[in-house]
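Trainee: coords below, sequence missing:
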């Protein structure tokens, strides 16, 4: 008889994943303030551009982190790889907390900030592949997409908490206090909480099942495989929407000239909507199949993004910003479980973590990492606030085309390569 996975095991993976995302996305919510502290410039637009540029720098290290930590997960196991990524994220975030501003140490401040963002990016790049593989391999066969979607749900909670903390700080502190030390509080909180999640991860079992006598796969990925290219395009459609969604708090303040509290309230709503959308999408992907959940929400996003942003620009108020941000977050989150599960189910166990990690990180780094910088630059260069819609529509359209060329993988869920060495009715948590 099948036992359900231990709650502490799932909690250790999901909570730590959410906390790592909390540390990473908090930067986006405080981009304007960080720009003033570390990148003082005569023009506020240039300061913001440099700040979101460093946000994108964190993505440069993600493919390297995915390659090395993902490969480590396929060789040594999921558990040690997940512990390593969490420790590195803690160190990177602690560095952000302790780095003085430009006024104190000059050019060294933005250099150190950039280095610590690279450490964060390296850590987060190695997180997705092992954590997704762990949840997939440990879940009951008919609930794999739901278990994988828990990651996106945890990121939604993290985003909501980051927005809520930012809102409390902005309402409680003066503008000067926010510049002096207030923006550091969320990062400091992250460094305190991650060790708690690390303690949960130490108790995790190993889920990588490799029959005796079969060596680990050589360090190679099917670069010419159409699944790799299509997977990157599908990831790109979601990640651009996700990071433009996290940018909406800054967009509301810097472009629509709304009060900071309005943008942070929208960020909280985005996080909660992401949680709901991820859980609904994961459940439906297990019942209806992966493909419908990958195709229809992304098609709707591609079609409605332009008119939706036009409506927001014509009605720049808090309710419009919140409605627009929540709708974008839901359409993105509802596809997450299906997308990550599909990519996992396309690869054998001995390459699953590294393949997903690298595909995901390339999609996120090339498209998601540059999204905020490109949007900020386009708005400054053209004066047109529709720039976010252009990026969302283009990448969502590419994701729709890629999805049309991918197979339905739900039927493979009962015979994943990782399960061939185990009994038909067991889970990795039995």
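Mentor: Thanks, I have the structure now. Just so we're clear, the structure is a prediction, and the values are computed from it rather than from any experiment.

Trainee: so what secondary structure elements neighbour the one helix or strand residue 121 maps to?
Mentor: For residue 121, the element it lies in under DSSP states H and E is helix 108-125. The contact analysis (3 or more Cβ pairs under 8 Å, 6 or more residues apart in numbering; DSSP states H and E) places helix 108-125 against helix 7-29, helix 31-38, helix 44-60, helix 62-76, helix 78-98, helix 102-105. Quick note: C-beta positions are derived from backbone N, CA and C, even for glycine.

Trainee: Report the angle between it and helix 62-76.
Mentor: Interaxial angle, helix 108-125 versus helix 62-76 (axes from the mean of the first three to the mean of the last three Cα atoms, to 10 degrees): 40 degrees.

Trainee: And the following helix or strand past helix 108-125, how far out from the chain middle?
Mentor: In the C-terminal direction, the helix or strand that comes right after helix 108-125 (DSSP H and E) is helix 128-138. Distance of helix 128-138 from the chain centroid (Cα atoms, centre = their mean, to the nearest Å) equals 15 Å.

Trainee: helices or strands up against the next helix-or-strand element following helix 128-138?
Mentor: Of the helices and strands lying after helix 128-138 in sequence (DSSP H and E), the nearest is helix 144-172. On a contact count with 3+ Cβ pairs under 8 Å, 6+ apart, helix 144-172 meets helix 7-29, helix 128-138, helix 184-201, helix 226-254, helix 260-288, helix 318-345.

Trainee: Tell me which of the ones you listed is the most buried.
Mentor: Most buried of those, by mean neighbour count (mean count of other Cβ atoms under 10 Å): helix 128-138, with a mean of 29.

Trainee: Could you quantify the relative orientation of it and helix 7-29 as an angle?
Mentor: 150 degrees.

Trainee: What angle do helix 144-172 and helix 128-138 make with each other?
Mentor: Interaxial angle, helix 128-138 versus helix 144-172 (the same axes, to 10 degrees): 130 degrees.

Trainee: Test my guess that residue 242 contacts residue 332.
Mentor: Yes. If you go by Cβ atoms under 8 Å, residue 242 and residue 332 touch, sitting 5.4 Å apart.

Trainee: returning to what we had before: relative to residue 369, which of the helices and strands packed on helix 108-125 is closest?
Mentor: Among the helices and strands packed on helix 108-125, the nearest to residue 369 by Cβ to Cβ is helix 44-60 (2.5 Å).

Trainee: buried sites along that closest one?
Mentor: 47-60 (16 or more other Cβ atoms under 10 Å).

Trainee: And for stretch 286-299?
Mentor: Neighbour-count burial for stretch 286-299 [16+ other Cβ under 10 Å]: 286, 289-291, 293-295, 297-299.

Trainee: Identify, from those, the entry nearest to residue 196.
Mentor: The closest of the buried residues of stretch 286-299, once distances to residue 196 are taken by Cβ to Cβ, is residue 286, at 30.2 Å.

Trainee: coming back round to it: okay, among the buried residues of stretch 286-299, which ones form the most distant pair?
Mentor: 286 and 299 (21.1 Å).

Trainee: so how far is residue 406 from the residue nearest to residue 247 when sequence neighbours are not counted?
Mentor: Nearest non-adjacent residue to residue 247, counting by Cβ to Cβ, 6 or more residues apart in numbering: residue 372, 4.8 Å away. According to Cβ to Cβ, to the nearest Å, residue 372 and residue 406 sit 28 Å apart.

Trainee: and these two? which has more neighbours close in?
Mentor: Taking other Cβ atoms under 10 Å, residue 372 and residue 406 do not tie; residue 372 has more neighbours (27 against 21).

Trainee: which ones are touching that one?
Mentor: 28, 31, 52, 55-56, 243-244, 247, 250 (Cβ atoms under 8 Å, 6 or more residues apart in numbering).

Trainee: try 6 Å this time
Mentor: 52, 55, 247 (Cβ atoms under 6 Å, 6 or more residues apart in numbering).

Trainee: how would you label it: helix, strand or coil?
Mentor: Secondary structure, DSSP: H, G, I helix; E, B strand; the rest coil: residue 372 is helix.

Trainee: on that earlier part again, now distance to residue 167 too, for the buried residues of stretch 286-299, in CSV please.
Mentor: Output for these, formatted as CSV (distance: Cβ to Cβ, whole Å):
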residue, distance to residue 167
286, 35
289, 39
290, 36
291, 38
293, 32
294, 33
295, 36
297, 28
298, 30
299, 34
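
Trainee: Closest one of those residues to residue 169?
Mentor: residue 297 (33.3 Å).

Trainee: the helices in the stretch 301-430 of the chain, which residues?
Mentor: 318-345, 349-363, 369-382, 387-404 (DSSP state H, counting those that start in this stretch).

Trainee: Make JSON lines from the buried residues of helix 44-60 and add distance to residue 41 and pLDDT to it.
Mentor: As requested, the buried residues of helix 44-60 are arranged in JSON lines below (distance: Cβ to Cβ, whole Å; pLDDT from 0 to 100):
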{"residue": "47", "distance to residue 41": "4", "pLDDT": "78"}
{"residue": "48", "distance to residue 41": "9", "pLDDT": "74"}
{"residue": "49", "distance to residue 41": "9", "pLDDT": "77"}
{"residue": "50", "distance to residue 41": "7", "pLDDT": "80"}
{"residue": "51", "distance to residue 41": "10", "pLDDT": "80"}
{"residue": "52", "distance to residue 41": "13", "pLDDT": "75"}
{"residue": "53", "distance to residue 41": "12", "pLDDT": "79"}
{"residue": "54", "distance to residue 41": "13", "pLDDT": "79"}
{"residue": "55", "distance to residue 41": "16", "pLDDT": "74"}
{"residue": "56", "distance to residue 41": "17", "pLDDT": "75"}
{"residue": "57", "distance to residue 41": "17", "pLDDT": "80"}
{"residue": "58", "distance to residue 41": "21", "pLDDT": "79"}
{"residue": "59", "distance to residue 41": "23", "pLDDT": "80"}
{"residue": "60", "distance to residue 41": "22", "pLDDT": "83"}
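
Trainee: Make CSV from those and add distance to residue 151 to it.
Mentor: Below are the buried residues of helix 44-60 laid out as CSV (distance: Cβ to Cβ, whole Å):
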residue, distance to residue 151
47, 33
48, 30
49, 31
50, 31
51, 27
52, 25
53, 27
54, 25
55, 21
56, 22
57, 24
58, 19
59, 18
60, 22
